[in-house]
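J.: Here is my input, please return the structure:
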Amino acid sequence: MAVVNTKATGVTNADAGPPVKTSALIAQGKVREFVGTVEVANGDSIGSTLRFFRVISSWRPNAIRKYSDAVTSAAMDVGLYDTLANGGAAVDVDFFASAVSIATADVLGADITYEAATGPADVAKIEQPLWLLLGLAADPGKYYDVVGTLTAAATAAGTVSLKGQFVEN
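T.: Sure, this is the predicted structure:
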């Protein structure tokens, strides 16, 4: 075994001679917070979409928290969709989370940012903005909606909220 001294990107840049400017995505960036609330109706079926808030492709996801009433039997993926102005299509339906339950009340706000195996869940990619996490070659400079897509139908009505924090570049 060897004793090593390793540095994260921000420390490496600060220690360089001359110092290298570190992206605001990983050092001293501005956090933007969004809250979106939607009502789910009894009978909303699999594939129904719940649009919570809009983010920009150059931002880095920091946290996504889910709050809900007991929307009996319901579950949802949480991912990214194009805005309605850009066609509204799914970009990655379960980018943040897959089939997370909203069947029981959650007033504490479960952190679902890294629940799915895709998106920001890869620890080695935690410093990356959305466009890189999506596997794009360049930043398209566009907005995406953070959307819940029901994967299990609702057999009761209730409220679902997401709170998202993203770091602005």
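J.: tell me, which helix in this protein spans the most residues?
T.: helix 9-15 (DSSP state H).
J.: hey, C-alpha coordinates of it in CSV?
T.: Coordinates of the C-alpha atoms in helix 9-15 are reproduced here as CSV (Å, rounded to 0.1, in the frame of the first residue of the first chain):
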residue,chain,number,x,y,z
THR,A,9,-10.3,19.5,-9.9
GLY,A,10,-10.9,22.8,-7.9
VAL,A,11,-7.9,22.2,-5.7
THR,A,12,-5.7,21.2,-8.6
ASN,A,13,-6.6,24.4,-10.4
ALA,A,14,-6.0,26.6,-7.4
ASP,A,15,-2.6,25.0,-6.8
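J.: centre of the chain versus it, how much separation?
T.: Averaging C-alpha positions (Cα atoms, centre = their mean, to the nearest Å) puts helix 9-15 27 Å from its chain's average.
J.: Over to stretch 98-115?
T.: Relative to the chain's own centre, stretch 98-115 is displaced by 13 Å; criterion: Cα atoms, centre = their mean.
J.: buried sites along the helix or strand bottoming out on mean pLDDT in the chain?
T.: Least confident helix or strand of the chain, by mean pLDDT, DSSP states H and E, is helix 9-15 with a mean of 89. Neighbour-count burial for helix 9-15, counted by 16 or more other Cβ atoms under 10 Å, picks out Asn13. C-beta: built from backbone N, CA, C; applies to glycine.
J.: which other residues reach it?
T.: Residues outside helix 9-15 that contact it (Cβ atoms under 8 Å, 6 or more residues apart in numbering): Lys7, Pro19, Val20, Lys21, Thr22, Ile26, Ala27, Glu127.
J.: What of stretch 29-43?
T.: With Cβ under 8 Å, 6+ apart as the criterion, stretch 29-43 contacts 23-24, 48, 50-55, 59-60, 62, 71, 74, 102, 146, 148, 150, 153-169.
J.: mind listing which of the residues you listed are in strands?
T.: Judged by DSSP state E, the subset of the contacts of stretch 29-43 located in strands is 50-55, 60, 62, 146, 148, 150, 158-168.
J.: sorry, back to before: keeping just the C-alphas, turn the helix or strand following the least confident helix or strand of the chain into CSV.
T.: Proceeding N to C from helix 9-15, the next assigned helix or strand is strand 30-40, under DSSP states H and E. Only the C-alpha atoms of strand 30-40 are listed here, as CSV (Å, rounded to 0.1, in the frame of the first residue of the first chain):
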residue,chain,number,x,y,z
LYS,A,30,-24.7,30.0,-7.8
VAL,A,31,-27.4,27.6,-6.7
ARG,A,32,-30.8,28.0,-8.3
GLU,A,33,-33.8,26.4,-6.6
PHE,A,34,-37.1,25.5,-8.1
VAL,A,35,-40.3,24.1,-6.6
GLY,A,36,-43.1,22.6,-8.6
THR,A,37,-46.4,21.2,-7.3
VAL,A,38,-49.0,19.2,-9.3
GLU,A,39,-52.3,17.5,-8.5
VAL,A,40,-52.7,13.9,-9.4
